[in-house]
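[1] Fold the following, please.
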Amino acid sequence: MASAPQAQLPLFYKDLMPLNSRDHASYKSRQTDKATWLSNQHAVPLTAEEFPDASRHYPIIFSSGENSVPLALMGLNEGVNTFLDADAKLLDNVYVPAYVRRYPFLLAKLSDSSEELSLCFDPTSDLVGEGEEGHALFDGEAPTDSTKGLLEFCKQFEEAGQRTQNFVAELEKHDLLMDGEVAIQQEGTDQPFIYRGFRMVDEAKLRELRGDVLRTLNQNGVLALIYAHLFSLQLIREIFGRQVLQGKGPAGAAPAVTTAPAAAAADDKPAAKAPKKK
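    Here you go, the predicted structure:
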């Protein structure tokens with residue numbers, strides 16, 4: 001259902017370019033109600049602090065393999081997003097993950113020899129560029145308030161990403177993550193559809209933790225995040241139903257099909273990829 005990424009560029013990004021006042025003096029950033037970059041994605045990275053909001057709308061799982069990352073499921077099969085219509089507009093008033101809202105900007109290292117991060121953008125996106133509409137990114141050589149806001153948002157996302165890595169490391173430390181499996185019986189079929197390829201918290205091991213460990217997890221906020229994740233898993237069947245109603249699910253498939261959805265691309269270390277230069 002979801003595994004860590006192998007591509008050099010993060011999910012959504014087709015190219016990366018450092019933003020600068022020399023080359024992009026007249027560039028503007030534009031808003032849109034169409035998330036075209038999200039329309040074919042069924043799983044999106046989440047930061048741990050987003051769990052309370054995201055868990056009300058999406059199942060929260062963890063990518064399979066090493067360096068697991070939390071993911072919000074918007075569909076159960078690769079290329080299926082049940083929350084967008086044919087024009088890539090949101091069907092419901094749902095929480096939009098910060099990873100989605102950050103696009104087409106991010107912070108990235110310009111060279112492997114430096115740890116400094118620079119504000120970059122995807123030049124293939126129509127949300128950044130020259131034109132009459134939008135918010136100016138520079139006033140002469142100085143960044144505008146709009147650009148400063150974008151930079152601050154990306155910084156906050158980086159910090160949240162680091163806290164999320166620490167959260168997952170805590171789960172790994174106590175061996176709380178296990179391979180997940182969900183069986184969904186569709187009316188009219190003899191055998192259930194099986195979804196695998198993701199990780200989830202092992203409730204049995206959680207119950208077996210020592211009292212002092214549970215107390216520490218409760219005090220540092222990890223326990224609340226764990227339960228937000230576990231409660232959200234009930235929404236997997238709701239996502240399945242959305243797929244069927246939208247004609248995107250296995251309704252037309254032959255009975256007794258076992259489905260193991262392909263992996264979702266996701267950052268194993270969000271927003272820390274080296275940009276390409278044109």
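[2] count of residues packed around the residue lying closest to N220 once chain neighbours are set aside?
    Distances taken as C-beta to C-beta, 6 or more residues apart in numbering put E170 closest to N220, at 7.9 Å, once the chain neighbours are dropped. For the C-beta atoms, the positions are set from N, CA and C on the backbone; glycine is no exception. The number of residues packed near E170 is 17, by other C-beta atoms under 10 Å.
[3] how would you label E170: helix, strand or coil?
    helix (DSSP: H, G, I helix; E, B strand; the rest coil).
[4] can you map out the strands along the stretch 1-150 of the chain?
    Under the criterion DSSP state E, counting those that start in this stretch, strands of the stretch 1-150 of the chain are mapped to 17-18, 28-29, 43-45, 60-63, 70-73, 105-109, 117-121, 128-129, 135-136, 138-139, 142-143.
[5] Any chance of JSON lines for those strands, columns mean pLDDT and mean neighbour count?
    Formatted as JSON lines, the strands of the stretch 1-150 of the chain follow (pLDDT from 0 to 100; neighbours: other C-beta atoms under 10 Å):
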{"stretch": "strand 17-18", "mean pLDDT": "96", "mean neighbour count": "17"}
{"stretch": "strand 28-29", "mean pLDDT": "97", "mean neighbour count": "20"}
{"stretch": "strand 43-45", "mean pLDDT": "97", "mean neighbour count": "27"}
{"stretch": "strand 60-63", "mean pLDDT": "98", "mean neighbour count": "26"}
{"stretch": "strand 70-73", "mean pLDDT": "98", "mean neighbour count": "26"}
{"stretch": "strand 105-109", "mean pLDDT": "94", "mean neighbour count": "22"}
{"stretch": "strand 117-121", "mean pLDDT": "96", "mean neighbour count": "21"}
{"stretch": "strand 128-129", "mean pLDDT": "96", "mean neighbour count": "18"}
{"stretch": "strand 135-136", "mean pLDDT": "96", "mean neighbour count": "15"}
{"stretch": "strand 138-139", "mean pLDDT": "96", "mean neighbour count": "16"}
{"stretch": "strand 142-143", "mean pLDDT": "97", "mean neighbour count": "14"}
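[6] Look up how far V94 lies from the closest residue to A72 other than its chain neighbours.
    In space, and not counting its chain neighbours, A72 is closest to Y58: 4.0 Å by C-beta to C-beta, 6+ apart. As defined by C-beta to C-beta, to the nearest Å, Y58 lies at a distance of 8 Å from V94.
[7] Between these two, which is the more surrounded one?
    Y58 (27 against 15).
[8] which ones are touching the more buried one?
    Residues near Y58 by C-beta atoms under 8 Å, 6 or more residues apart in numbering: 72-74, 94-95, 232, 235, 239.
[9] Greatest separation within those residues: which pair is it?
    Y95 and I239 (14.6 Å; C-beta to C-beta).
[10] If you count surrounding residues, which of the two has more?
    I239 (24 against 17).
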